[in-house]
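Peer 1: take this sequence and fold it.
(chains A and B)
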Amino acid sequence: MEDTKNMNCIDIKKKIKVFIIENFLLGDSSNNLNDEDSFFEKGIIDSTGVLELVSFVEKSFNVKFEDEELIPDNLDSINKVSDFILKKTST
Amino acid sequence: MNLSVFLKNRAKESPEGVCVVHNSNRLTYAEIDRLSDALAVKLIENGLKRGERVVILLENSAEYIISFFGILKSQGVVVPVSIQLVVRELSCLLSDCAPKFVITDARRRISLDGLINPQFLIFIDKFDSSEGQGLLYPDDNHVQNDLAMIIYTSGTTGKPKGVMLSHGNLIANANSIIRYLNLRAEDKMMVILPFYYSYGISLLTTHIKVGAALVIDNRFLYPNIILDMIENEEVTGFAGVPSNFAILLRKSALSKYKLSKLRYVTQAGGAMAPSMIKEFIEFFPHVKFYVMYGQTEASARLTYLEPDLLTKKIGSIGKAIPGVKIDILNEQGRLVKPGEIGEITASGENVMLGYWNAPEETSQILKKNCLFTGDLARIDEEGFIYIVSRKKEMIKSGANRISPLEIEEVVCRMSGVLECAAVGVNDEILGEAISLFVVNDGASISEREIMLFCKQNLASYKTPKEVKLVSSLPKTSTGKVKRAELSRA
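Peer 2: Have a look, this model is predicted:
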């Protein structure tokens, strides 16, 4: 696990993107996944996929999702996940 | 009677009653009836004949319901297909059922490229909202035994089997479920289960029959949204499989909700841990919790446990639903005594016509109109049924029954794979997750490459959670893989 406080927004997004591509897009980086794309709308992940994403974020960035934080605003795109991590690590 | 009469009757009795809530749309019974009439006319005008198949490849939506009833009204056969299937699986299903049309949306067009002539694709955004004039209803007395649906389930051989259900099968099962759940027009069902499974279809048929509302939301991946929806829409009913309840209990803010209007909850699709059932009913003591059991081959439902008996008979699947006879038979074909283990058999008007294009497999499971479920169970002194194990080696993951053979057949096509075995391993959320053991031929094939191959060739729910390379598979003296041993590995 890297020290999240020393990671900038670009690094965080990059790491999330690699995880999404490797685990949900069969390693196909030509999918044109944009940082603002909704995982739900694009059919990228299902309910167990969200749990995998949560587990990845918690382990990789040392943040904890509270039950009420498991919502699309915090999870449904690379930007949203990144914003959540930055919010959590800045407090 | 044609199953579509459920909708037609409700549209006459309460045309302004809300039938479907989805996204920001609210459609009344009159609107769904009119739009499905229009689709039926379109299908007939385009050459659909009685008994011809029409595939629905859509996620749950108002359009799904319109398609479902439109096909039935045109005397076609509904073939619901999972939107999670990959091209290889879709191709297999389409060649088996040979549909006249496929109803889908633009998002899924690409997965159908080359599989079906584009002129037989119907896109939901092109639905005609005209009055559907000219639709002549068939003489209903003759359609009871007509094929209404073919629902594909995983077969033990690895090849999916098409379960043929008649209008009579589906009507009988819907009426029985309505009776024991005491469903009524004031009810609102939160639908998160896909309509391409028999459990999902039973929500559709039962609630439409009584004139209730279906609140559809496909975002169960964010369970708090579903809980908000249940609260805001004053939902009275919820149906789920064990993994849905596990997610609600472990990965949502369930304890923050009152769900005061929720009246009944149904659970089927595999055994749910008694501790989780207890936990759920402790949160919501005002809710009636129905444990149910069934099979697609029985149009969905075979048994249920009265909520009042849940504590006393925890772990039981209850007794037969109204109109169904259940017998537990030992290997000699005799009724078992309490405590003795036997196979669950069922007879009733809900038992399927057979498997599509598979008379041999049908004869193995349907004998003298009696369905041999393959599930082993015992009964107690009061006749309550307890499942002991499944005779068939199927993996039950989330809402899905998965054939290990199907996974193994696919993986064995991969260059460098000598043999493999897929088994179900305990998983807190899914009930069972898939673990794949692979023996390679010494070539440098990695676990990651195998996983990638699985993801490319199998629907996501059939993809193993983990792949392990091993030097050999444990086998019996007759060469059969010891799956139980691998499940514990």
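
Peer 1: up against chain A, what does the stretch 351-489 of chain B have?
Peer 2: Taking Cβ under 8 Å from any Cβ of the partner chain as the criterion, the stretch 351-489 of chain B approaches chain A at residues B:398, B:429-430, B:452, B:455-456, B:460-461. Where C-beta positions appear, they are placed from N, C-alpha and C, glycine not excepted.

Peer 1: return the residues in contact with B:L204.
Peer 2: By Cβ atoms under 8 Å, 6 or more residues apart in numbering or on different chains, the contact set of B:L204 is B:65, B:68, B:191, B:195, B:214.

Peer 1: ok, 10 Å please
Peer 2: B:6-7, B:20, B:60, B:64-65, B:68-69, B:170, B:174, B:189, B:191, B:193, B:195, B:214, B:216 (Cβ atoms under 10 Å, 6 or more residues apart in numbering or on different chains).

Peer 1: does it belong to a helix, a strand or coil?
Peer 2: When classified by DSSP: H, G, I helix; E, B strand; the rest coil, B:L204 comes out as helix.

Peer 1: returning to what we had before: which among the residues of the stretch 351-489 of chain B next to chain A end up buried?
Peer 2: Burial by neighbour count, 16 or more other Cβ atoms under 10 Å in any protein chain shown: within those this picks out B:398, B:429-430, B:452, B:455, B:460-461.

Peer 1: nearest to chain A, of these?
Peer 2: Comparing those against chain A with Cβ to the nearest Cβ picks out B:K455 as the nearest, at 4.9 Å.

Peer 1: which parts of the stretch 201-350 of chain B sit against chain A?
Peer 2: In this structure, the stretch 201-350 of chain B approaches chain A at residues B:218-225, B:227-228, B:243-244, B:247, B:250-256, judged by Cβ under 10 Å from any Cβ of the partner chain.

Peer 1: looking at these, which are in strands?
Peer 2: Helix and strand membership here follows DSSP state E; of those, not one is in strands.

Peer 1: give me the number of residues near the closest residue to B:A399 other than its chain neighbours?
Peer 2: Spatial nearest neighbour of B:A399, chain neighbours left out: B:V241 (4.3 Å); criterion: Cβ to Cβ, 6 or more residues apart in numbering or on different chains. The number of residues packed near B:V241 is 23, by other Cβ atoms under 10 Å in any protein chain shown.

Peer 1: next: the one 5 residues further on.
Peer 2: B:A246 sits with 20 neighbouring residues when counted by other Cβ under 10 Å.

Peer 1: verify the contact between it and B:D427 for me.
Peer 2: Yes - with contacts defined as Cβ atoms under 10 Å, B:A246 counts as touching B:D427 at a distance of 8.9 Å.

Peer 1: wait, doesn't B:I71 sit right on B:R50?
Peer 2: No - shown here, B:I71 and B:R50 do not form a contact pair, counting by Cβ under 10 Å, at 11.5 Å.

Peer 1: mutual contacts of these two, please.
Peer 2: B:V77.

Peer 1: so these two - more neighbours on which side?
Peer 2: Neighbours per residue (other Cβ under 10 Å) separate B:I71 from B:R50, with B:I71 holding more: 28 against 13.

Peer 1: so which helix or strand takes in the more buried one?
Peer 2: helix B:62-73 (DSSP states H and E).

Peer 1: and B:A443, what does it touch?
Peer 2: Contact criterion Cβ under 10 Å, 6+ apart gives B:415-418 as the residues in contact with B:A443.

Peer 1: what do you get if the cut-off is 7 Å, keeping everything else the same?
Peer 2: Taking Cβ atoms under 7 Å, 6 or more residues apart in numbering or on different chains as the criterion, B:A443 is in contact with B:G416.

Peer 1: so, low pLDDT: which residues of the stretch 251-400 of chain B?
Peer 2: Segments of the stretch 251-400 of chain B classed as low confidence (criterion: pLDDT under 70) are B:391-392.

Peer 1: which residues of chain A lie near chain B?
Peer 2: With Cβ under 7 Å from any Cβ of the partner chain as the criterion, chain A meets chain B at residues A:26-27, A:40, A:45-48, A:50-51, A:67-68, A:70-72.

Peer 1: and the residue lying closest to B:E349 once chain neighbours are set aside, what does it touch?
Peer 2: In space, and not counting its chain neighbours, B:E349 is closest to B:A172: 3.6 Å by Cβ to Cβ, 6+ apart. B:A172 makes contact with B:323, B:348-350 under the criterion Cβ under 7 Å, 6+ apart.

Peer 1: that older thread, and the furthest pair within the buried ones among the residues of the stretch 351-489 of chain B next to chain A?
Peer 2: Of all pairs drawn from these, the one with the longest distance (Cβ to Cβ) is B:I429 and B:L452, at 23.4 Å.

Peer 1: now do the helices in the chain.
Peer 2: Going with chain A. Using DSSP state H, the helices assigned to chain A run over residues A:9-24, A:47-61, A:72-75, A:78-90.

Peer 1: switch to chain B, that's the one I care about
Peer 2: For chain B, the helices defined by DSSP H occupy B:5-13, B:29-45, B:62-73, B:87-97, B:109-112, B:167-181, B:198-210, B:223-232, B:242-250, B:274-283, B:359-365, B:404-411, B:447-457, B:483-488.

Peer 1: mean pLDDT lowest where, among those helices?
Peer 2: For those, the stretch scoring lowest in mean pLDDT is helix B:109-112; its value is a mean of 78.

Peer 1: list the buried residues of stretch A:18-25.
Peer 2: Of all the residues in stretch A:18-25, those buried under the rule 16+ other Cβ under 10 Å are A:19-21, A:23-25.

Peer 1: now render these as CSV, adding distance to B:E406.
Peer 2: Listed next are the buried residues of stretch A:18-25 as CSV, based on distance: Cβ to Cβ, whole Å:
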residue, distance to B:E406
A:F19, 28
A:I20, 27
A:I21, 27
A:N23, 22
A:F24, 22
A:L25, 23
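
Peer 1: would you convert the helices of chain A into JSON lines that also reports distance to B:L473 and mean pLDDT?
Peer 2: Written out in JSON lines, the entries for the helices of chain A read as follows (distance: least, Cβ to Cβ, whole Å; pLDDT from 0 to 100):
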{"stretch": "helix A:9-24", "distance to B:L473": "27", "mean pLDDT": "90"}
{"stretch": "helix A:47-61", "distance to B:L473": "27", "mean pLDDT": "90"}
{"stretch": "helix A:72-75", "distance to B:L473": "39", "mean pLDDT": "95"}
{"stretch": "helix A:78-90", "distance to B:L473": "40", "mean pLDDT": "93"}
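
Peer 1: wait, which of the ones you listed is closest to B:F289?
Peer 2: Across the helices of chain A, closest to B:F289 is helix A:47-61 (Cβ to Cβ), at 21.3 Å.

Peer 1: report the angle between the closest one and helix B:242-250.
Peer 2: Computed with axes from the mean of the first three to the mean of the last three Cα atoms, to 10 degrees, the direction of helix A:47-61 lies at 40 degrees from that of helix B:242-250.
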